[in-house]
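**Student:** Provided below are the primary sequence and the corresponding predicted coordinates.
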Amino acid sequence: MPAFVDEPDAVEHALAGLIEQAQASGLADPDADARMEAISLLAMTATMGTSILVGQRTPDSALAVLRHHLNRIFTMAEPPARGAGSP
């Protein structure tokens, strides 16, 4: 059986862990509740997928909503400095 059937919380735990890692690295809001954000993002993506399938919104508009919420959680880290010979 697929992991999501055997362990329905596996994706939620994994996503919460990734958010916690980002918080520890200074890449995400340290005050965000990683578990709640994971639950919200998973619920949102499932609902957005359905809304695209039924023609309620376009993939681009669903991505815009998802980006909005991700930008609330994650900070924009400065990209690493490129060396003189880097592309």
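**Tutor:** Yep, that arrived. Predicted, not measured: the structure shown is a model, and the values here were computed from it. Numbering: from 1, shown residues only.
**Student:** do you know how far Arg57 is from Ser51?
**Tutor:** 5 Å (C-beta to C-beta, to the nearest Å). Glycine gets a C-beta too; all of them are placed from N, C-alpha and C.
**Student:** tell me the buried residues in the helix or strand Ala38 falls within?
**Tutor:** Using DSSP states H and E, the element containing Ala38 is helix 34-53. Across helix 34-53, burial judged by 16 or more other C-beta atoms under 10 Å covers Ala34, Glu37, Ala38, Leu41, Met48, Ile52.
**Student:** which residues sit in contact with the last one?
**Tutor:** With contacts taken as C-beta atoms under 8 Å, 6 or more residues apart in numbering, Ile52 has the following neighbours: Thr58, Pro59, Ala62.
**Student:** how about low-confidence regions in the chain?
**Tutor:** Across the chain, the ranges flagged by pLDDT under 70 are 1-5, 76-87.
**Student:** all helices of it, in order?
**Tutor:** 3-6, 10-24, 34-53, 59-73 (DSSP state H).
**Student:** just checking, what packs against the second one?
**Tutor:** In this case it means helix 10-24. For helix 10-24, the packing partners by 3 or more C-beta pairs under 8 Å, 6 or more residues apart in numbering; DSSP states H and E come out as helix 3-6, helix 34-53.
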